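A.B. asks: Give the three-dimensional model of this entry:
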Amino acid sequence: MKTGVSFTDMQGTAWTVGQELGRGSFARSFVARSASGREAVVKIALTADDLFGDEAASLAAACSDIVKEQATFMRERHRPWLPDLLGEVELPSGSRGLLIPRYGASLATRLNTSATLLSVLRILTRAAQLCESGVHGNLRAENLLLAEDDRVVLTDPLTPVWLLHADRLRTRSPERPVLRPPEADGHPASMWDTYALCATVYQALLFTPKSNEPRREVRPTPPAAGLDKSTLALLKDKVLARLDQEQGNPRFAPRVADRVKALLDRGLSGQALPSPPYRFEQPAALRERLSDLVDLIDPRVTSVGKVLLSAKAEDDVFGEGEAPAFSTTVTCTEGITQEDLAAGLLVRDLDADGDDDRVPVPDAQYTVKPHPSGRLRFDFTLPELRPGRYTVRIAFAVKDSSREPITADGHFELRPPPGYVPPADEPPPEASALPFPASQRPSLGLEVPRFDEQAGLDDPFPTPIAPSDAGNDGDAPPPVLRGAVAVATDPNIRTNEAELDPPTSEPGASAHGSAVAAVPSIAPSAPTPPPAPAASPRLQVAPSLDHTLEAPSPTPTPAPSVPRGPEPTPAQGYSPGTWESLPSPSAQAPPPLSTGHDDLLDDLPDLGDPLGRPSGLPEPIQRLIHTLRDNPWIAMGVLMAGLVGLLLVTGILFQACAS
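C.D. replies: You can find the predicted model right below:
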């Protein structure tokens, strides 16, 4: 049959022959397209022209019988893994053909496109499962077709007619690897399929594709005597290299290599029986080993059970002093132990304010033990938490795995003890103010006013102000002290308002607002001499007055203004010459204060020292008593010395009387 030839199947559907796909032992395969555009694969039995030798005609008739037998197997569904039969064809030359769906690819094309080891093992695992329902007898990479839904389809099974002519047809077919055990003879058995599947793993590891046409590639076949040590070591290195190239889990790569080595050493052994330790007699045993390899290459957590609270929790509530405890079970793929799992906890406080509800639990502990069902049971214990409502999320993942972790959620409550008071939330720290530029200059012991918000920024420092008079804080009126010291006012300070200069309004005199303009600076050229120390009168106490500070008068007297001198030049700045010299505290007595009740204190009788010091005693004795009262340690020492002296005197007198 040539490309472009049209034919009609037995159901009356017209088809057109397209590209040739290849030649097998008993038929050629072509792409066929119907009038509706549907594509299929038509397999036409070999003719005498395709065969050679004296038996070409008889073998061509045998090929037609094989095609007819294959169609019968598909129609009657002798094997569930066979493809669907779309139709049968009978050509005018007498050749028979059959139509099957066209599948996306075969395992042979996957091997030629550098398929990953994981994908190859998955396909072979499904094929081994299919072979459990019946013997195929002719498995190889070209006969494992892959549907779009990842379904594996097996074609060209070894039928009775084909088995009769298999040896003669093989000698007239293109060179293809025969994946049968060395002792294969007679009727096919299940061990034929297990051997062919293990041989396909062997080819996947050692085969390096050189072209994109699978039918032209000759893959290596395993030795009939089995694999020697050097070949097994080479296969192990190939597995490690493939897993590293395919970015497999490095934690499990050595285990995968060892298991592949053991699998091929048994499945391709030269001796068939007994099984075990030789050969896989049934596909089910091989399927389990292939499935374990798939799980080790792609380890994962399959499921996590429900979070169960401990028996101490009643209605999901833990009582006073009970540590929160809960458990869950984890199901993993085959070959994973507790050392291969990573567990994580996320505890959230449902009563927390805002988004910051995560509760760190670095001291959480857990234990692992196997569950009778084959799962792993994890028991968690949390550290002490404050009473409230909480949710917990447990996550499990395989170490060094790129898969997302599997989680399980639970919730519980902690009952507070009687009299429990929740801790107060600490207020957020307040931001400290930026340092004032003038604070880095040498301090002169004077209070510097604040910048006014409306002041200009031409002057980097505020205008200096004169210090307040002793006993008079600027505009504030002097406090009235009742029952305290009566002092005289400073005679050097002017009190006549007529002699005071009004506040100036010169430019620069109020460069920083009204708070500075009301208090002019002192002229540096005429410093005011310090006032002469005034003798303080003896303190007197009025028995009828309370020893408290009386509130200022509601109509305070305005503060007197001081004559304003010329402003200091920028060169002077804050130099000491700008300000009036102040005497040290030791050289001058504190300035007197006026209580405002001097007339009342003058009429009071002299009641003695208000501190209660003894009067009428000599000055040294008064000092001694004063010292003993001020320092209890000296008083205690004097008392102890007196007692010791009294004991010494008593002892001396006792000895004198005794003698």
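
A.B. asks: and residue 181, how many residues sit next to it?
C.D. replies: 22 (other Cβ atoms under 10 Å). To be clear about C-beta, it is placed using only N, CA and C from the backbone, and glycine gets the same treatment.

A.B. asks: For stretch 305-323, buried residues please.
C.D. replies: Buried residues in stretch 305-323, counted by 16 or more other Cβ atoms under 10 Å: 305, 307-310, 313, 318.

A.B. asks: When you compare pLDDT across the residues you listed, which one is lowest?
C.D. replies: Across the buried residues of stretch 305-323, the bottom pLDDT score, 89, is held by residue 313.

A.B. asks: where does the nearest residue to it once chain neighbours are set aside land in three-state SS?
C.D. replies: Leaving aside its sequence neighbours, residue 313 sits nearest to residue 412 (Cβ to Cβ, 6 or more residues apart in numbering; 6.1 Å). Residue 412 falls in the strand class when you classify it by DSSP: H, G, I helix; E, B strand; the rest coil.

A.B. asks: Count the neighbours of residue 412 for me.
C.D. replies: Counted with other Cβ under 10 Å, residue 412 comes out at 22.

A.B. asks: The one 3 residues further on too?
C.D. replies: For residue 415, the count of nearby residues is 14 (other Cβ under 10 Å).

A.B. asks: residues touching it, list them.
C.D. replies: Each residue near residue 415 by Cβ atoms under 8 Å, 6 or more residues apart in numbering is listed here: 317-320, 387.

A.B. asks: so how far is residue 46 from the closest residue to residue 243 other than its chain neighbours?
C.D. replies: Among residues not flanking residue 243 along the chain, residue 253 sits closest, at 4.6 Å (Cβ to Cβ, 6+ apart). Residue 253 is 47 Å from residue 46, where distance means Cβ to Cβ, to the nearest Å.

A.B. asks: What segments of the chain are helices?
C.D. replies: Listed in chain order, the helices of the chain (DSSP state H) span residues 56-76, 107-112, 117-131, 160-171, 190-206, 229-245, 253-267, 283-297, 514-517, 598-602, 619-630, 632-658.

A.B. asks: hang on, residue 300 packs against residue 403?
C.D. replies: Yes: counting by Cβ atoms under 8 Å, residue 300 does reach residue 403; the two are 5.2 Å apart.

A.B. asks: thinking again about what came up before, may I see the helices of the chain arranged in TSV, with distance to residue 398 as well?
C.D. replies: Output for the helices of the chain, formatted as TSV (distance: least, Cβ to Cβ, whole Å):
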stretch	distance to residue 398
helix 56-76	43
helix 107-112	27
helix 117-131	15
helix 160-171	47
helix 190-206	24
helix 229-245	15
helix 253-267	13
helix 283-297	10
helix 514-517	73
helix 598-602	94
helix 619-630	80
helix 632-658	75
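
A.B. asks: So for residue 83, which of those sits nearest?
C.D. replies: helix 56-76 (6.6 Å; Cβ to Cβ).

A.B. asks: What residues sit buried inside that closest one?
C.D. replies: The neighbour-count criterion (16+ other Cβ under 10 Å) identifies 56, 59-60, 62-71, 74 as the buried residues of helix 56-76.

A.B. asks: Name the nearest of the residues you listed relative to residue 364.
C.D. replies: The closest of the buried residues of helix 56-76, once distances to residue 364 are taken by Cβ to Cβ, is residue 74, at 60.7 Å.
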